[in-house]
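# Structure, please.
(2 chains)
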Number of protein chains: 2
Amino acid sequence: MTRQSETFLEDFTPGQIFRSERFVMTIEAIKAFAREYDPQPFHLDEEAARDSLFEGLAASGWHTAAVTMKLLTTSPFRPAGGHVGGRLEELRWPLPTRPGDELRVESEILEVRASESRHGYGWLRVRTTTFNQADEIVQTYVGNVIVRARGA
Amino acid sequence: MTRQSETFLEDFTPGQIFRSERFVMTIEAIKAFAREYDPQPFHLDEEAARDSLFEGLAASGWHTAAVTMKLLTTSPFRPAGGHVGGRLEELRWPLPTRPGDELRVESEILEVRASESRHGYGWLRVRTTTFNQADEIVQTYVGNVIVRARGA
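Just a heads-up that it's a prediction; the model follows:
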């Protein structure tokens, strides 16, 4: 893993896309997350999952979200000051994450603007999309991330 | 913990509010989640957190979201078929979750409608709000949850 240096407000431009590494969702990790945070049968048990809306074992959407965050923290998308999100405009899980899926994340900069209330900071509006190994979208949201300006 | 029976589409009404039990966010749990999913200094280290935007150690927003899900799974809000969310319209973290915070969740039914595409199912539009022990909002979202109709 290469640690990139942080990127400041002035160096972001709409249209930039940052791509993360990949992470495999094992069946053990899916069940472990579910036991702790989302112990519903379709996240825990193959048999029960077959008869659910998911038609097979599926990761909790919040597990997909947590792994997306994990991938962001080592991605070349490194807003100065860290990944601090104020508000997600929409969060969708178009497809479930399945055991063995290999996830990766793309961050697309949609808007860049200076903060009106906090001197030396600005906001990035970012679409964060999580793909599986077939390049299908398993999660997508538009977030607003605070970022330090240069020399602030 | 009392297991309530499931509630079907026909038995939900806009304005209903369901309240969860409470869960304490320990400093150990905050750091353990951060190590695995969101290893940024302000979620891991008190010293580094003091100099960050959070001005002190704060839980990852995704940890607050995961614990909200945990509280929902034992809450009296039990949509028939499970908690299966299609789309969150907005997700905000107005305040950080701090070590020692005691969280609880309220689910308010905003809308109830039959599904046009899937016979025997319907949708609940639900505001899910997570409070700390001072009744301050640490997380809020509006979600759309699929629910079975009676006899489907």
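# Please name the spatially closest residue to residue A:115 (chain neighbours excluded).
residue A:121 (4.4 Å; Cβ to Cβ, 6 or more residues apart in numbering or on different chains). For the C-beta atoms, the positions are set from N, CA and C on the backbone; glycine is no exception.
# Report the separation between residue A:101 and residue A:47.
20 Å (Cβ to Cβ, to the nearest Å).
# out of the two, which sits in the more crowded spot?
Per other Cβ atoms under 10 Å in any protein chain shown, whichever of residue A:101 and residue A:47 has more neighbours is residue A:101, with 25 against 8.
# Count the residues that sit near the residue nearest to residue A:115.
Residue A:121, neighbours per other Cβ under 10 Å, totals 18.
# wait, it sits on residue A:146?
Yes: counting by Cβ atoms under 8 Å, residue A:146 is a contact partner of residue A:121 at 5.6 Å.
# Near chain B, which residues of chain A are found?
For chain A, the contact set with chain B under Cβ under 8 Å from any Cβ of the partner chain comprises A:33, A:36-42, A:52-54, A:60-62, A:65-67, A:69-70, A:73, A:81-93, A:141, A:146.
# and the angle for the longest helix seen in chain A with helix B:61-73?
Criterion DSSP state H: the longest helix present in chain A is helix A:61-73. Counting by axes from the mean of the first three to the mean of the last three Cα atoms, to 10 degrees, helix A:61-73 lies at 170 degrees to helix B:61-73.
# Now do helix A:61-73: distance to the chain's middle.
Centre-to-centre, helix A:61-73 and its host chain are 5 Å apart (Cα atoms, centre = their mean, to the nearest Å).
# now stretch A:8-23
On Cα atoms, centre = their mean, the centre of stretch A:8-23 falls 13 Å from that of its chain.
# what comes up buried for it?
If you call a residue buried by 16 or more other Cβ atoms under 10 Å in any protein chain shown, then stretch A:8-23 has these buried ones: A:8-9, A:12, A:16, A:18, A:20, A:23.
# Nearest to residue B:135 among these?
residue A:9 (35.3 Å; Cβ to Cβ).
# and the gap between the closest one and residue A:149?
4 Å.
# what's the answer for residue A:118, then?
Residue A:118 sits 10 Å away from residue A:149, going by Cβ to Cβ.
# The two: which has the busier surroundings?
Per other Cβ under 10 Å, whichever of residue A:118 and residue A:149 has more neighbours is residue A:149, with 17 against 14.
# ranges for the helices of chain A?
A:27-37, A:41-44, A:46-50, A:61-73.
# Buried deepest among these, which one?
By mean neighbour count, with neighbours taken as mean count of other Cβ atoms under 10 Å in any protein chain shown, helix A:61-73 ranks first of the helices of chain A at a mean of 23.
# Give me the helices and strands touching it, please.
strand A:17-24, helix A:27-37, strand A:102-114, strand A:121-131, strand A:137-148, helix B:27-37, helix B:61-73 (3 or more Cβ pairs under 8 Å, 6 or more residues apart in numbering or on different chains; DSSP states H and E).
# Against which helices or strands is the shortest one packed?
This means strand A:17-24. In terms of contacts (3+ Cβ pairs under 8 Å, 6+ apart), strand A:17-24 is packed against helix A:61-73, strand A:102-114.
# how big is the angle separating the last one from strand A:17-24?
Relative orientation of strand A:102-114 and strand A:17-24, computed by the same axes, to 10 degrees: 150 degrees.
# now the angle between strand A:121-131 and strand A:102-114, please.
Using the same axes, to 10 degrees: strand A:102-114 against strand A:121-131 is 160 degrees.
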